[in-house]
Each structure stands twice: as structure tokens, then as C-alpha cells.
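Asker: I'll drop the sequence and a predicted model, then ask my questions.
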Amino acid sequence: MAKYTCPQCGEQIETAGIVTVCPQCHADMSAVVEAAGHALRQRAAELIRDDSVTTHEYIVRTRGLTKIYKMGDVEVPALRGVDLDIRRGEYLSIMGPSGSGKSTLFNLVGGLDKPTSGSCYINETDMAQLSAHELAWQRCHTIGYIFQTFNLIPVMTALENVTLPMIFAGMSSDEMLERGRMLLELVGLGGRLHHKPHELSGGQQQRVAVARALANSPAIILADEPTGNLDLHTGKEIIELLKELNVESGVTVISATHDLKMIDVSDRIVHIRDGRIERIDRREDIELEVGTMGGEETAV
Ligand SMILES: Nc1ncnc2c1ncn2[C@@H]1O[C@H](COP(=O)(O)OP(=O)(O)OP(=O)(O)O)[C@@H](O)[C@H]1O
Ligand SMILES: [Mg+2]
């Protein structure tokens with residue numbers, strides 16, 4: 001439940017939903033709601049920020065990362081030697097046509113699959129050198145995953161979905177419930193704690209997935225087409241949420257996407273084609289290009 005005070009008549013409003021005007025005097029409540037949301041996000045940022053990790057300049061480095069899938073006798077090269085350095089706190093989008101290797105790169109960086117050759121370092125640790133136990137620890141504590149199809153557990157409520165990774169991290173149940181509620185409030189779902197995924201809209205399900213990704217204060221959020229199953233407006237809300245988390249908590253966001261709306265929030269855009277990096281754009285350069293085109297909002 002969120003509590004707001006009407007700036008005009010002082011009415012105390014307690015609601016699990018959205019309030020735009022005061023039910024008593026009809027004053028505009030948007031500034032109050034926005035300010036409360038900001039305070040909540042700042043509180044969350046303090047909880048999410050993980051200062052315990054070592055602070056190397058690059059949080060992810062890949063060298064010659066190659067993946068060849070074997071289909072019987074046929075070899076399918078999905079990544080053909082990717083060298084990529086990702087700075088701590090960066091918002092990086094990976095763009096490219098279908099089949100170019102975005103999800104493959106995502107899976108290798110996230111430790112969900114192993115490369116055929118080459119290396120991926122997270123905080124200067126070579127993922128290939130980790131034991132199965134260490135890799136599981138890394139996945140649980142360092143990385144939060146968001147998928148196109150949300151991948152929530154259908155029989156669990158929003159709160160149970162969000163607290164599940166905390167069980168694996170060994171958190172106490174009181175701490176888990178408090179943090180789970182706080183994270184769901186953070187993504188605007190404080191009034192939907194006990195809803196199951198099928199009782200939520202697509203955008204709300206993806207918000208639960210964002211909250212779940214933040215469960216164990218990850219240093220990295222890996223998002224594979226997080227807006228792929230959402231309409232334009234809902235997709236934009238998810239992008240804005242990820243950007244806010246990136247700016248306010250310093251979490252590194254790496255997102256594979258087809259969504260041109262991501263360009264606005266990305267520090268860099270890595271274009272991949274046929275398993276290779278084609279080029280890397282920095283946002284300043286794109287803004288410059290757009291500027292020289294007379295301010296037209298043209299996607300590059
Ligand atoms: N498990 C697999 N077995 C065999 N081939 C695969 C496998 N996964 C992906 N591939 C192939 O690897 C290439 C890269 O696939 P990937 O899923 O990384 O592309 P993508 O850029 O994520 O595409 P999309 O935008 O459609 O999600 C494709 O040619 C694909 O067919
Ligand atoms: Mg993909």
C-alpha cells in the first residue's frame with residue numbers, strides 16, 4: 001500500500017493502485033506520486049548497489065569469443081570471435097538481425113552456455129576457470145537475467161517469483177519478504193504481490209521479472225529482448241525502468257534487442273552481424289549525427 005498526502009486539502013490517501021487526483025478535492029496528485037516514487041527508487045538504489053564486488057574498470061571482457069553449434073555433422077557458427085569490453089555501470093545494447101548471434105553472446109556472458117573457444121571474463125575472472133559451484137554462485141549473485149518471454153514460474157505469486165533467487169542465496173525468510181516487497185514496489189507492483197503470472201498483464205509480468213533480476217543485488221543485468229513481447233508503450237516503460245536502475249544504482253545493463261527505443265538510453269550500441277561485431281556506436285556520436293541532420297529523430 002502506498003500512502004500519499006494531498007498537497008491541497010491534506011487528505012491522506014492509501015492505495016494499492018494508481019492515484020492521479022485527490023478523491024476529496026480533485027487536486028492534481030502527479031507531483032506527489034512522482035516524488036514518492038523517486039524517494040522509493042533512491043532507497044532501492046542503496047539496497048541494490050553492491051559495493052562488495054571489486055571495482056575493475058571493465059565488468060565484462062570477451063576475447064575471441066566463438067560458439068559453433070553442432071547439429072549432427074553440420075556446424076553452425078553463431079559467434080566468430082567477439083572482442084568486447086563493457087565498462088562497469090554502462091548501458092549497452094546489442095543489436096543485429098535475427099540469427100546474428102545476440103542470444104548466443106548473451107548466454108555466454110551470462111554463463112548459461114560455454115564457448116567453443118575464446119574467453120569471457122567477469123570482474124577479471126575467466127568464467128571457464130570456475131567450477132560448477134563457483135559458476136552457480138556467480139550466476140546467482142552477480143547477474144540478473146531478463147528474458148523476452150518473462151520466464152516466471154506460473155504456479156508462484158509475484159512475491160514468490162521474486163524471492164526465489166534469494167532462497168538460493170541463503171537469505172533469511174523475513175529479509176526475503178521485506179526485500180521482495182520493496183523490489184515489487186520499486187517496479188510499481190506493490191499492489192500485486194500475490195498475483196500469479198496469468199493474473200498479470202505482459203508488462204506487469206516483465207516488471208516482476210525485472211524485480212526478480214534484482215533479487216540478489218547483481219552487478220549486471222542481462223536482458224535478452226526484454227521488450228520483444230510488449231506493445232510500444234509498455235516496452236518504453238520497461239526500458240525507462242531499466243535506465244533508471246542503471247543510473248540510480250549503477251547496475252550494468254546489457255541488453256540484446258531489436259527495439260530502436262533502446263538507442264535513446266544506451267551508452268553504446270554494439271551492432272553484430274553473422275556472429276561478428278560490425279561496429280560500435282556511442283550515444284554521443286549518434287546524437288551528433290542526428291543533430292547534423294537538422295534534429296530529425298532518425299534511427300541510425
Ligand atoms: N542451440 C542451438 N543449436 C544450433 N544452432 C543454434 C542454436 N542456438 C542458436 N543457433 C544458431 O546460431 C545462430 C545465432 O542464433 P542466436 O539465437 O544467437 O541469434 P539472435 O541474434 O539472438 O536472433 P534473434 O534476433 O532471432 O533472437 C543462428 O543461426 C541460430 O540458428
Ligand atoms: Mg535472440
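Answerer: Nice, thanks for sending it over. Ligands and ions are numbered 1, 2, ... in the order given.
Asker: run a quick neighbour tally on the residue in the stretch 1-150 of the chain positioned nearest to ligand 2.
Answerer: Here the residue of the stretch 1-150 of the chain nearest ligand 2 is Ser103; by C-beta to the ion that distance is 3.1 Å. Any C-beta I mention is one placed from the backbone N, CA and C, and that applies to glycine too. Neighbourhood size, Ser103 [other C-beta atoms under 10 Å]: 19.
Asker: and it, helix, strand or coil?
Answerer: Classification of Ser103 using DSSP: H, G, I helix; E, B strand; the rest coil returns helix.
Asker: which parts of this structure are helices?
Answerer: 30-48, 102-109, 132-142, 158-168, 173-186, 202-213, 232-249, 283-292 (DSSP state H).
Asker: is the shortest one anywhere near ligand 1?
Answerer: Yes - under the criterion of C-beta under 6 Å from any ligand atom, helix 102-109 makes contact with ligand 1 via 102-104.
Asker: which strands and helices sit next to that helix?
Answerer: Secondary structure elements in contact with helix 102-109, counted by 3 or more C-beta pairs under 8 Å, 6 or more residues apart in numbering; DSSP states H and E, are strand 58-71, strand 74-87, strand 91-95, strand 117-122, strand 220-224, strand 252-257.
Asker: for the stretch 1-150 of the chain, give me the ranges with low pLDDT.
Answerer: Applying pLDDT under 70 to the stretch 1-150 of the chain picks out residues 1-2, 15-18, 37-55.
Asker: quick one: name the residues of it near ligand 1.
Answerer: Counting by C-beta under 6 Å from any ligand atom, the stretch 1-150 of the chain sits next to ligand 1 at 69, 71, 76, 78, 96, 98-104.
Asker: same thing but at 8 Å, please
Answerer: 67, 69-71, 76-79, 96-107, 148 (C-beta under 8 Å from any ligand atom).
Asker: buried subset of those residues?
Answerer: Among these, those buried by neighbour count (16 or more other C-beta atoms under 10 Å) are 67, 77-79, 96, 100-107, 148.
Asker: of all the residues you listed, which two lie farthest apart?
Answerer: Pro77 and Gln148 (23.2 Å; C-beta to C-beta).
Asker: follow-up on the earlier one: what sits against the nearest residue to the residue of the stretch 1-150 of the chain closest to ligand 2 once chain neighbours are set aside?
Answerer: Nearest residue to Ser103 in three dimensions, chain neighbours excluded: Asp224, at 5.6 Å (C-beta to C-beta, 6 or more residues apart in numbering). Neighbouring residues of Asp224 by C-beta atoms under 8 Å, 6 or more residues apart in numbering: 102-103, 106, 145-148, 255-256.
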